[in-house]
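**Q** let's see this in three dimensions:
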Amino acid sequence: MTDSEITQIGIIGLGYWGPNLVRNFSSVANTKVAMVCDLRDERLQFIKKGYPAVETTKNVDEVFNNPGIDAIVIATPVFSHYELAKRGLSLGKNILLEKPMTDTVDHAKELIDIANDNRKLLMVDHTFLYNGAVKKMKEIVDKGDLGHLKYFDSTRINLGLIQQDVNVLWDLAPHDISILNYLVSERPHSVQATGVSHIHNGIENIAYLTVNYSNGFIAHFNCSWSSPVKIRMMLLGGDKKMIVFNDIEQAEKIKIYDSGFKVQNEEEKSFVRVAYRTGDIYVPKLDMSEALFNMAGDFVNSIRTGEKPVADWESGLWTIKILEAAQKSIKNKGVEVSL
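**A** Here you go, the predicted structure:
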């Protein structure tokens, strides 16, 4: 594909996130949102009002069978991702899936095989990997400024919106699981999860997930639809420095703490003497460009150049592996599940 050619995009699903996808893909250079699809007339009319040149349809066949469309973005409920993506890839379309990638690991693996067989791009919209704060965290980790990584702690809680098809982990945790997998090169060996349903339909509205690593690193996730306050906070700790990422904060989303501790008599197990260090707090400057626009640009660039995107299928697959194992653990009273 030459620089002057236009990459044409079809978008299926115009719920909460769909219009944001239309807006951002419409802003990517040499890219055109050619067609959007949704079953609801009011959603189609909403897009048509803002983007009169975009063709609208209620029939997904028109999107799949449009020979001018190079790529299809699927922003529908997770249970529909597998069938829609499988069809698109088999027809020679590049596919971008909203998170989470699929509802099972087996479905994700099958889509990956189909994409590879057809030499088409399969990518997942893990938007936070394109967030300026997360990119800065990655830069700091890769430079070794934190030292040896020790822990990752994530809190993502709010009041609602309670989903009807997936539990709170599947709804909220993909954001932070994808960030964990992006920042930490080693892959986990097991997970443990507990949760409770206060809505009496078997769908957990509060859940806690622990991800275990063989090198002693540990990750923990607290997710809830039942909190009176909205918290979006992440801690990443090393033996040199620590990072606090507060996504609610407008001006200083990331703070780097030159703090830690050191065990002074490691050979003596009966009494451990610990020295604590509290140093400066540093607030780095961040790229403030819109993460979703950066993601859309990466998707289009990968189609045009063949370069590996940041949020590739491996990122999507590992997120599903952790979520599926967590679901199994929750249903078995917190048993440790190997990955």
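**Q** helix or strand with the lowest mean pLDDT in this structure?
**A** Lowest by mean pLDDT, DSSP states H and E among the helices and strands of the chain is strand 274-282, with a mean of 86.
**Q** ok now do Ser226, which residues does it touch?
**A** Ser226 is in contact with Ile157, Leu159, His198, Asn205, Ile206, counting by C-beta atoms under 8 Å, 6 or more residues apart in numbering. Yep, even glycine has a C-beta here, placed from its N, CA and C like the rest.
**Q** sketch out the low-pLDDT regions of the stretch 101-250 of the chain for me.
**A** Confidence mapping of the stretch 101-250 of the chain against pLDDT under 70 gives zero matching residues.
**Q** can you pull out the helices in it?
**A** For the stretch 101-250 of the chain, the helices defined by DSSP state H, counting those that start in this stretch cover 105-117, 132-143, 168-183.
**Q** among the ones you listed, which comes closest to Gly334?
**A** Each of those has some distance to Gly334 by C-beta to C-beta; the shortest is helix 168-183, at 13.1 Å.
**Q** the inter-axis angle of the closest one versus helix 132-143?
**A** 40 degrees (axes from the mean of the first three to the mean of the last three C-alpha atoms, to 10 degrees).
**Q** helices or strands up against helix 168-183?
**A** Here helix 168-183 touches helix 132-143, strand 149-159, strand 190-196, strand 206-212, strand 218-224, strand 226-238, helix 313-331, going by 3 or more C-beta pairs under 8 Å, 6 or more residues apart in numbering; DSSP states H and E.
**Q** these: which one's closest to Gln264?
**A** Across the helices and strands packed on helix 168-183, Gln264 has its closest neighbour in strand 149-159 (17.6 Å, C-beta to C-beta).
**Q** picking up where we left off before, quick one: buried ones out of the contacts of Ser226?
**A** Among the contacts of Ser226, the ones that count as buried by 16 or more other C-beta atoms under 10 Å are Ile157, Asn205, Ile206.
**Q** out of those residues, who's nearest Gln163?
**A** Relative to Gln163, the closest of the buried ones among the contacts of Ser226 is Asn205; by C-beta to C-beta it sits at 9.2 Å.
**Q** confirm Ser26 sits in a helix?
**A** Yes - counting by DSSP: H, G, I helix; E, B strand; the rest coil, Ser26 is located in a helix.
**Q** tell me who's in contact with Val196.
**A** If you count contacts by C-beta under 8 Å, 6+ apart, Val196 has them with Glu204, Asn205, Ile206, Ala207.
**Q** give me every residue that touches the nearest residue to Arg40 once chain neighbours are set aside.
**A** Spatial nearest neighbour of Arg40, excluding adjacent residues (C-beta to C-beta, 6 or more residues apart in numbering): Leu14 at 7.4 Å. Contact partners of Leu14, counting by C-beta under 8 Å, 6+ apart, are Val22, Val36, Cys37, Asp38, Arg40, Arg43, Leu44, Phe46, Ile47, Ala75.
**Q** now swap in Met233 and tell me
**A** Residues in contact with Met233, defined by C-beta under 8 Å, 6+ apart, are Ser154, Thr155, Val244, Phe245, Asn246, Asp247, Ile248.
**Q** give the burial count for the closest residue to Lys150 other than its chain neighbours, as a bare number.
**A** Nearest in space to Lys150, with sequence neighbours left out and distances taken as C-beta to C-beta, 6+ apart, is Gly237 at 4.9 Å. Applying other C-beta atoms under 10 Å, we find 20 residues neighbouring Gly237.
**Q** picking up where we left off before, just name the most buried of the helices of the stretch 101-250 of the chain.
**A** helix 168-183 (a mean of 24; mean count of other C-beta atoms under 10 Å).
**Q** now find how far off-centre that one is within its chain.
**A** Remark: helix 168-183 is offset 5 Å from the chain centroid, using C-alpha atoms, centre = their mean, to the nearest Å.
**Q** how close does Trp17 get to Lys99?
**A** From Trp17 across to Lys99, the span is 10 Å (C-beta to C-beta, to the nearest Å).
**Q** the two: who's more crowded?
**A** Lys99 (24 against 17).
**Q** residues touching that one, list them.
**A** By C-beta under 8 Å, 6+ apart, the residues touching Lys99 are Val124, Asp125, His126, Thr127, Pro174, His175, Ser178, Gly316, Thr319.
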